[in-house]
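> Below is the sequence, then the predicted model.
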Amino acid sequence: MEIVNTHIAKRDDKQLLVVTHLSQYLDYVTGFGGLIVPLIIWLTTKDKVHAMEEHGKAVINFQLSLIAYICIGIPCILLLGLGFLIIGFAAVLGLIMPAVNAIKATNGEAPSYFGTFKFIS
């Protein structure tokens, strides 16, 4: 009987984790890259990079939450301008939280995005 080592060692790549968080800023440049690029990075490296599973899920959940806030905020504009507050809240979160979590990834800490719904657990 032959024993085969099926455990693949994951590499520690903090720079890729930082790039995953900062790639969310592509939303402000292209309008759509902030979800697609982190999703591609997460799906292709989640089995190869240590902590990518956790950071990737956090980024995708955060981007989906921002989309949900905007989808809720647009119809709420008709309700006394409440939608402007919701969209403003999403815009501020979208600017601040990726930078904060990129710094956390550099320090080896777990990501924590404020106001995020758990779409992927």
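Good, I have the coordinates. Numbers count the residues shown, from 1 in each chain.
> all helices for this protein, in order.
14-22, 26-29, 33-45, 52-76, 82-106 (DSSP state H).
> Can you convert the ones you listed into JSON lines and add a column each for mean neighbour count and mean pLDDT?
Yep, even glycine has a C-beta here, placed from its N, CA and C like the rest. Below are these laid out as JSON lines (neighbours: other C-beta atoms under 10 Å; pLDDT from 0 to 100):
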{"stretch": "helix 14-22", "mean neighbour count": "19", "mean pLDDT": "94"}
{"stretch": "helix 26-29", "mean neighbour count": "14", "mean pLDDT": "88"}
{"stretch": "helix 33-45", "mean neighbour count": "18", "mean pLDDT": "92"}
{"stretch": "helix 52-76", "mean neighbour count": "19", "mean pLDDT": "94"}
{"stretch": "helix 82-106", "mean neighbour count": "17", "mean pLDDT": "94"}
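> of these, which approaches Phe119 most closely?
Counting by C-beta to C-beta, Phe119 lies closest to helix 52-76 out of those; the figure is 4.8 Å.
> counting contacts, what elements does the closest one pack onto?
The contact analysis (3 or more C-beta pairs under 8 Å, 6 or more residues apart in numbering; DSSP states H and E) places helix 52-76 against helix 14-22, helix 33-45, helix 82-106.
> would you list these in a markdown table and tack on distance to Phe119?
Output for those, formatted as a markdown table (distance: least, C-beta to C-beta, whole Å):
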| stretch | distance to Phe119 |
| --- | --- |
| helix 14-22 | 17 |
| helix 33-45 | 12 |
| helix 82-106 | 15 |
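> that older thread, so can I have a markdown table of the helices of the chain showing distance to Phe114?
Rendered in a markdown table, the data for these read as follows (distance: least, C-beta to C-beta, whole Å):
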| stretch | distance to Phe114 |
| --- | --- |
| helix 14-22 | 14 |
| helix 26-29 | 17 |
| helix 33-45 | 17 |
| helix 52-76 | 9 |
| helix 82-106 | 6 |
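> out of these, which comes closest to Ser121?
helix 52-76 (7.6 Å).
> The closest one versus helix 14-22: what angle between them?
Angle, helix 52-76 to helix 14-22, by axes from the mean of the first three to the mean of the last three C-alpha atoms, to 10 degrees: 10 degrees.
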